[in-house]
Every structure is written in structure tokens, then in C-alpha cells.
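Asker: just to be clear, the model below is a prediction. Sequence and coordinates:
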Amino acid sequence: MAGKRRKFDAEFREGAVRIVAETGKPIAQVAQDLGINETTLASWVSRARRVGGAPATGESEELARLRRENAQLKKDNKELAMERDVLKRCMVLWVK
């Protein structure tokens, strides 16, 4: 005998998919924490990824942007450190 079928609103489904995407936890663990069936959550995540509305897609783009920005900042920091060292040497020579 099958039990009564539960219905979940769109906000709950989106939140569950967001938890999987943002935390990186396995679908099984998130499903257990939320008290829903693992296959149900897996289908929501799969559907969100197919549609392109999954936060993981936006996060991966943001991650790539942040990595590029980080590389640029490291490059700028290295240049500034070299300039600082040159100025320090000039000051030492000028003081002497």
C-alpha cells in the first residue's frame, strides 16, 4: 500500500538544489537532512542543471572570474614589491 504523495513547492525545490550546489555535500546526505527521497532530490538537481538554472553554473563562472582576478592581483603585487625594493636600494645609496 503506497503512502500519501508529498508535494513540494518550487521554493523548497530551489533551496534544496542550492544547498547541494553551494555546500558540495552529496545528494544523499542533503536528502536525508531535508527528509526527502534521494532520487527525488537527484532529479531536481539534474533538471536544474539541464535547464541551466543551477547555481553551480553561475558559481563556476564566478569562480573562473575570481581566479583571473586573483592572478592579476598577484602579478600587480609582484610588480609593486619589485618597485619597492628598487626604491629601498635607491634610498640606501642616496643616504650614503
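Answerer: Cool, got the structure. Numbers count the residues shown, from 1 in each chain.
Asker: for the helix or strand containing Phe12, what is the average pLDDT?
Answerer: In the assignment (DSSP states H and E), Phe12 maps to helix 10-23. Taken as a whole, helix 10-23 carries a mean pLDDT of 90.
Asker: any buried residues in that helix, and which?
Answerer: Arg13, Ala16, Val17, Ile19, Val20, Ala21 (16 or more other CB atoms under 10 Å). All C-beta spots, glycine's among them, are computed from the backbone N, C-alpha and C.
Asker: one more: stretch 41-53?
Answerer: By neighbour count with 16+ other CB under 10 Å, stretch 41-53 contains the buried residues Leu41, Trp44, Val45, Ala48.
Asker: against Glu61, how distant is the second one?
Answerer: Going back to what we said before, that points to Trp44. Trp44 sits 21 Å away from Glu61, going by CB to CB, to the nearest Å.
Asker: and if you look at Asp33?
Answerer: Taken as CB to CB, the span from Asp33 to Glu61 is 27 Å.
Asker: any idea how far stretch 87-96 is from the chain center?
Answerer: Remark: stretch 87-96 is offset 46 Å from the chain centroid, using CA atoms, centre = their mean, to the nearest Å.
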